[in-house]
Every structure is written in structure tokens, then in C-alpha cells.
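Engineer: Here's a sequence, model it:
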Amino acid sequence: MSSGAPLPVSPLAVPFPALPKVAGVRLQTARAGFYAAARDDLLLMRFEGEAACAGVFTRHGVGSAPVDWCKARLPQGHGRARAMLINAGCANSFTGEPGAAAAARSAAAVGAALGCPAEEVLLASTGVIGVLLDDARIAARAGDLVQGEADWEQAARAISTTDTFPKGAGATSEIGGVPVRICGIAKGSGMIAPNMATMLAFVVTDAALSPGVLKSLVRRAAPRTFNAVTVDGDRSTNDTLLVFATGASGAAPISRLSDPRLIPFAAALEGVLLDLALQLVRDGEGATKFVKISVEGARSEASARRIARSIAESPLVKTAFAGEDANWGRIVMAVGKADEPVDRTRLCVRFGPLWAARDGKVASGYDEAAMSAYMKRQELEVAVDVGVGEARADIWTCDLTKQYVAINGDYRS
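Structural biologist: Numbers count the residues shown, from 1 in each chain. Sure thing, here's the model as predicted:
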């Protein structure tokens, strides 16, 4: 059992937005007791009828029982689900067959309470790796989870672990002149890196989209959103992003990705996903700086992304951000160690509007005092041009502080 003791709110936190109800889904939270602290640690999202569903999951080699469950059930259910159950406080990862059986029993308990097969209930877990899920705690609260209704902020708090603030985002779009809503929540603070992060994210829309269209939209948006953020370079066993479409808005169904009515909706959905992903960085464990890394002039987008990630995950770069030191030499170091094509004679580095290096050498007019003043900001931008092509990519990260070490040194204490 985890303590669940709250941490100080991140200085980079943003307020939880006012999110409306989304037609066709109900939320409810409950306390199963996975934390010693008195807090809800279960969330059930239940849909009126079946909702179309699509997701992306961690590429971690170990994985987890709930990830395995979802990856198996989504194709079997033809991309549709009746409910989504999330627990915090126990990852149920690296728990072998007993963990798989506990996951199945959890789905069965919720399915029995809802009157649907276990296979129509998707699962997600977050918490300590290597601890077997006590599914009896979930079964004992299944009846409570199918009664009443919670709001989005309560839902976001119920799935949190070391998060210091609840994370939510929403948008309104139109399909054929009919308003459609998109609302979502996420959790994550540490063990955050592409493909994916220690994050759970659940987004619901009342648009009527086929599972195939939804799958394409999610997979297209993931590289520019949840796979474009990193806190510490460590990828988790349980990462899950799931998007549901209830079809309850009254908008005409869309079954083709090429449908022009989908264009504004796709942009709105990606905006919600990016908003949630950036909030993970803002809540990076011990973070005091929110940093956007942009790499351009690369041979390919994949190359630009690898260079940006090399910069964003370098401990030397991240500690320089923490110390408010514009040590552009560390940026150059991180560019080179990415082992990607770079023209050293054309390499440029910029901090916000201030050039540190241009065309492979210190920029003329370099002003250390101005650089130092810029580095005191909470939000920073670092841009690098590697001079070998036209491709670019962005990654968002945070600094690395003593508090990160303290949080993770005490995680199971």
C-alpha cells in the first residue's frame, strides 16, 4: 500500500479547466484503499451502449497485465467498449499469470455490476511495479462505481499518483454544423519519455466516429503529443492513451478518414491531446522550468526528433536549466551524441530570441548577462539548427532538480 501523501503543487501547474459533460458517458470514482491516505483511487467510465475506442500503448518490453488486457480486447471487440476501469496505487506489472488473472477478475466484477461481459470492460493501472493487484478491493467497490456520477476533476484526481495537480483539457468542434465535445484527463509526473510515458490518458468525444477512423486519428496525433514529451527519459510499463467516441451528439457518423467534415475535429482532438501531454511536463517531478526544444534543418523528421530528445533528456542540459545557466556547450554536446547527421560549420543554437551560437561558433554580440536574465524565466525555448536539411521536430521537457531525486528516493518509503 502506498502512502499517497500529497506533494507540493508544481510551480508550473495550470488550473483545471471547466469541462462539460459529454453525452453518452458517465464517470464515477471510489476508494479501494490502495493508498493509506483517504483518497479515491478508482475511476469507472461507463458508456451508454458501446463506444468506439482506439488507443496507443507503451512499447516497453515488460508491459503490464492491464495493457495486455486492452491490447487483446480491442481487436476482439472490433474497437468498441462498454466501460473503462482505472486504478491508481498498483501497476499490476511484472506480476505474471497471477496479475493477468487479477486483471480479468477486476473486469468481470465491473462487468457483472454493469450487466455486460468482462471482455467489454477495458483496464488501466498505475502505481508501483512488481506488486500484485488486490482485485478483491475493486470487486468490493464495483457496485458503488456504477451508481451516481463524478465530474472530470474528481476523475482526474482519482487516477493520480505523484501528480501534484489534476490534468484535464477540452474543446468543442463541429461536424456537419452540429457541435461535438471533446474532454479528457491524464495523469503523469515522473518516468515520462516517448513511446510512451508513465502516463494514463482518457479522452471522450460525443462525435460519431467509426473505430477505424478513431484509430487513425489517435495514431496520427500521438507522435506530436504524448510521444513528444519527456521528463526523465524513463519509459513505463503501463502507458495507455485511449480515446472513446460515444456517438451521442447527434452529428452524422463519419466512417472515412478522408471525409472533409473531419478536418476541424481532428485539429481539435490533437489540441486536447497536446494540452494534456504538456501538463505532464508541467508536473514533472521536482520541475521548476518548462522547456520547449525545437530542432530544425535536420535530414528527416525522425532525425530531428532524435536530436531533440537527446537534448531534452541530457542530465547535464537539464541541470543547467535548473541552475539557470545558459550553457550552450551542453546543448552542442547533446546534439552530437545523438549520432545523427549534423553540419558542424552551420550549427546554430538560440535561447528564446537570443543567439548563443551561429554557423558553428559563438554568435557575434553574444551577451552573457542577457542570457542569464532569460534563463530565470519559468518557461524557456531552445532552438537548434543542424544545417543539413529542412525537417524539424519539437519536444517538451523540464529541468532536473534535487527535488526529483528526493521524490524518487522516497517513492516506496
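Engineer: buried ones in the helix or strand bottoming out on mean pLDDT in the chain?
Structural biologist: Using mean pLDDT, DSSP states H and E, the weakest-scoring helix or strand in the chain turns out to be helix 402-409, at a mean of 81. Using 16 or more other Cβ atoms under 10 Å as the test for burial, helix 402-409 gives 403-404, 407-408. Where you see a C-beta, it was placed from the backbone N, CA and C, and this is true even at glycine.
Engineer: Let's see that helix as PDB, backbone CA atoms only.
Structural biologist: Only the C-alpha atoms of helix 402-409 are listed here, as PDB (Å, rounded to 0.1, in the frame of the first residue of the first chain):
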ATOM      1  CA  LYS A 402      17.300  18.000  -6.300                       C
ATOM      2  CA  GLN A 403      13.600  17.500  -5.600                       C
ATOM      3  CA  TYR A 404      13.400  14.900  -8.400                       C
ATOM      4  CA  VAL A 405      16.000  12.800  -6.500                       C
ATOM      5  CA  ALA A 406      14.100  13.300  -3.200                       C
ATOM      6  CA  ILE A 407      10.800  12.300  -4.700                       C
ATOM      7  CA  ASN A 408      12.100   9.100  -6.300                       C
ATOM      8  CA  GLY A 409      14.400   8.200  -3.400                       C
END
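Engineer: what's that helix in contact with?
Structural biologist: The contact list for helix 402-409, computed with Cβ atoms under 8 Å, 6 or more residues apart in numbering, reads 7, 162, 190, 232, 284-287.
Engineer: name the element Gly143 belongs to?
Structural biologist: helix 135-145 (DSSP states H and E).
Engineer: now for that helix, which elements pack on it?
Structural biologist: Under the contact criterion of 3 or more Cβ pairs under 8 Å, 6 or more residues apart in numbering; DSSP states H and E, helix 135-145 touches strand 25-30, strand 42-57, strand 80-88, helix 96-114.
Engineer: okay if I get those as JSON lines plus mean pLDDT, distance to Ala267 and mean neighbour count?
Structural biologist: Shown next, in JSON lines, are the helices and strands packed on helix 135-145 (pLDDT from 0 to 100; distance: least, Cβ to Cβ, whole Å; neighbours: other Cβ atoms under 10 Å):
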{"stretch": "strand 25-30", "mean pLDDT": "98", "distance to Ala267": "22", "mean neighbour count": "22"}
{"stretch": "strand 42-57", "mean pLDDT": "95", "distance to Ala267": "17", "mean neighbour count": "23"}
{"stretch": "strand 80-88", "mean pLDDT": "97", "distance to Ala267": "25", "mean neighbour count": "24"}
{"stretch": "helix 96-114", "mean pLDDT": "97", "distance to Ala267": "34", "mean neighbour count": "19"}
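Engineer: Mind checking those for the one nearest to Arg309?
Structural biologist: Nearest to Arg309, of all these, is strand 42-57, at 17.7 Å by Cβ to Cβ.
Engineer: what's that closest one packed up against?
Structural biologist: So strand 42-57, by 3+ Cβ pairs under 8 Å, 6+ apart, packs with strand 25-30, helix 65-76, strand 80-88, helix 135-145, helix 152-158, strand 200-205, helix 211-221, strand 240-245.
Engineer: Report the inter-axis angle for the first one versus strand 80-88.
Structural biologist: Think strand 25-30. Put simply, strand 25-30 runs at 30 degrees to strand 80-88, going by axes from the mean of the first three to the mean of the last three Cα atoms, to 10 degrees.
Engineer: and strand 25-30, how far out from the chain's middle?
Structural biologist: Relative to its chain's centre, strand 25-30 lies at 20 Å (Cα atoms, centre = their mean, to the nearest Å).
Engineer: Between strand 200-205 and that strand, find me the angle.
Structural biologist: 150 degrees.
Engineer: what are the bridge partners for Ser125, then?
Structural biologist: Applying DSSP bridges to Ser125 gives these bridge partners: Asn87.
Engineer: Stretch 81-100: end-to-end distance?
Structural biologist: Its first and final residues considered, stretch 81-100 spans 19 Å by Cα to Cα, to the nearest Å.
Engineer: again, but for stretch 86-95
Structural biologist: 17 Å.
Engineer: returning to that earlier point: I'd like the helices and strands packed on strand 42-57 laid out as TSV, including distance to Gly387.
Structural biologist: Supplementary listing: these in TSV, determined by distance: least, Cβ to Cβ, whole Å:
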stretch	distance to Gly387
strand 25-30	49
helix 65-76	40
strand 80-88	46
helix 135-145	55
helix 152-158	43
strand 200-205	36
helix 211-221	29
strand 240-245	35
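Engineer: Domain map for this structure?
Structural biologist: Domain assignment for the chain by automatic domain parsing gives 25-282, 290-409.
Engineer: weakest of those by average pLDDT?
Structural biologist: Of all the domains of the chain, the minimum mean pLDDT falls on domain 25-282 (a mean of 92).
Engineer: quick revisit: relative to Gly63, which of the helices and strands packed on helix 135-145 is closest?
Structural biologist: Gly63 lies closest to strand 42-57 among those, at 8.0 Å (Cβ to Cβ).
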